[in-house]
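Peer 1: this is the structure alone, sequence omitted:
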């Protein structure tokens with residue numbers, strides 16, 4: 001448990017340090033590239049869901065607004081809500097519209113509402 005808290009603390013510190021610049025987290029080696037994550041700025045607005053469809057319900061955190069930031073680890077397919085069927089596995093949320101509130105709740109965000117699915121075209125890998 002102690003190691004898990006240290007890792008989460010280190011990840012939160014890294015994400016906070018990078019969030020101001022909107023940088024992409026990546027690695028140099030090809031083997032590590034498969035686990036690359038991306039810090040993404042929300043373009044439209046998105047909710048964080050338990051699964052890759054509306055029926056799964058939200059995880060209980062505030063909705064992300066345009067200008068908020070999330071950390072996506074990979075993408076997968078799910079329900080098409082009108083802009084495609086790609087969803088991001090999200091592990092961190094920074095709510096700039098809520099005075100910089102940061103949460104580390106895991107769930108799924110609809111990619112077209114985040115960045116028009118751009119990160120799923122090479123920045124992050126399929127889950």
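Peer 2: Received the coordinates, thanks. Just so we're clear, the structure is a prediction, and the values are computed from it rather than from any experiment. Residues are numbered from 1 along each chain as shown.
Peer 1: how about the helices in this structure?
Peer 2: Shown for the chain, the helices assigned by DSSP state H span residues 2-19, 30-33, 111-115.
Peer 1: any weak-confidence spans in this structure?
Peer 2: Counting by pLDDT under 70, the chain contains low-confidence residues at 1-35.
Peer 1: please redo it, this time with the cut-off set to 90
Peer 2: 1-36 (pLDDT under 90).
Peer 1: the strands in it, which residues?
Peer 2: With DSSP state E as the criterion, the chain has strands at 38-41, 45-46, 64-65, 69-77, 86-95, 101-103, 107-110.
Peer 1: which of the ones you listed is buried the deepest?
Peer 2: strand 107-110 (a mean of 25; mean count of other CB atoms under 10 Å). To be clear about C-beta, it is placed using only N, CA and C from the backbone, and glycine gets the same treatment.
Peer 1: what lies in contact with that strand?
Peer 2: 46-52, 56, 58-59, 61, 64, 70, 72, 76, 78, 81, 83, 86-90 (CB atoms under 8 Å, 6 or more residues apart in numbering).
Peer 1: so residue 70 bridges to which residues?
Peer 2: residue 40, residue 93 (DSSP bridges).
Peer 1: how near is it to residue 105?
Peer 2: From residue 70 across to residue 105, the span is 10 Å (CB to CB, to the nearest Å).
Peer 1: so for those two, which residues contact both of them?
Peer 2: Counting by CB under 8 Å, 6+ apart, the contacts common to residue 70 and residue 105 are 90, 93.
Peer 1: sorry, back to before: save the strands of the chain as CSV, and put in distance to residue 124 too.
Peer 2: Output for these, formatted as CSV (distance: least, CB to CB, whole Å):
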stretch, distance to residue 124
strand 38-41, 5
strand 45-46, 15
strand 64-65, 17
strand 69-77, 6
strand 86-95, 7
strand 101-103, 20
strand 107-110, 12
